[in-house]
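Novice: Fold the following for me, if possible:
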Amino acid sequence: MKAKKLEEHGSIEKAACLARNSYTKNISLEMSSDMVVYEQSTSILTSEGLYSAIKVVNVTKGKEVTCTAKFNNSNITASALPEKEAEEPVTGKVCNTTDTSAQADTKVEKANMLSMAVLGLRVLLAKSIAFNTLMSIKLFLF
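Specialist: Sure thing, here's the model as predicted:
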């Protein structure tokens with residue numbers, strides 16, 4: 001991925017290499033530029049139980065960027081060629097985290113409701129036992 005906006009210099013842009021949904025934690029990302037802006041020390045474990053890694057570098061405008069992901073004795077290479085200015089803005093797929101959080105909230109809400117129902121039944125049981133005990137004592141003593 002290459003940035004659309006240039007830095008103040010006008011000739012430097014950022015490029016990012018992202019490796020997603022890998023089954024192995026040991027992912028090594030190598031890019032054609034040595035000007036590293038950000039690199040993770042270890043891969044991140046996602047909610048699906050897979051690993052992701054990212055590396056961001058500065059590159060000269062118009063220069064081809066190559067990204068190589070190395071894991072499990074195999075290499076996967078991707079490259080981004082210099083692009084001309086697009087007439088229309090290009091929209092990519094955006095991760096929507098509200099869907100997963102909504103599902104998690106629903107599960108938590110159901111668990112809370114179930115917990116409250118069990119608590120209510122326990123209180124009702126305790127009250128009925130106490131009432132029956134008092135009525136039995138009244139019957140035997142008076």
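Novice: Quick check: closest non-adjacent residue to the most centrally placed residue in the chain.
Specialist: Using Cα atoms, centre = their mean, the residue of the chain that lies closest to the mean C-alpha position is T46, 5.5 Å off. Spatial nearest neighbour of T46, chain neighbours left out: S52 (5.7 Å); criterion: Cβ to Cβ, 6 or more residues apart in numbering. Yep, even glycine has a C-beta here, placed from its N, CA and C like the rest.
Novice: contacting residues around the helix or strand of the chain with the lowest mean pLDDT?
Specialist: When each helix and strand of the chain is scored by mean pLDDT, DSSP states H and E, strand 74-80 comes last, with a mean of 76. Strand 74-80 has contacts (Cβ atoms under 8 Å, 6 or more residues apart in numbering) with M1, K2, A15, C17, A19, E64, V65, T66, C67, T68, A69.
Novice: same deal with stretch 40-50?
Specialist: With Cβ under 8 Å, 6+ apart, stretch 40-50 has contacts from 19-23, 25-27, 51-55, 100.
Novice: quick revisit: if you average pLDDT over the next helix or strand after the least confident helix or strand of the chain, what comes out?
Specialist: Going down the chain from strand 74-80, the next helix or strand is helix 98-141, by DSSP states H and E. Taken as a whole, helix 98-141 has an average pLDDT of 84.
Novice: just stretch 52-60 next, same as before
Specialist: 83.
Novice: can you pull the buried residues of it?
Specialist: Going by neighbour count (16 or more other Cβ atoms under 10 Å), the buried part of stretch 52-60 is S52, A53, I54, K55, V56, V57, N58, V59.
Novice: Domain-wise, how is this protein divided?
Specialist: Residue ranges for the domains of the chain, per the TED database: 12-80, 110-141.
Novice: now the contacts of stretch 40-50: which count as buried?
Specialist: So, by 16+ other Cβ under 10 Å, the buried ones in those are A19, S22, I27, Y51, S52, A53, I54, K55.
Novice: Many thanks, I have nothing further to ask.
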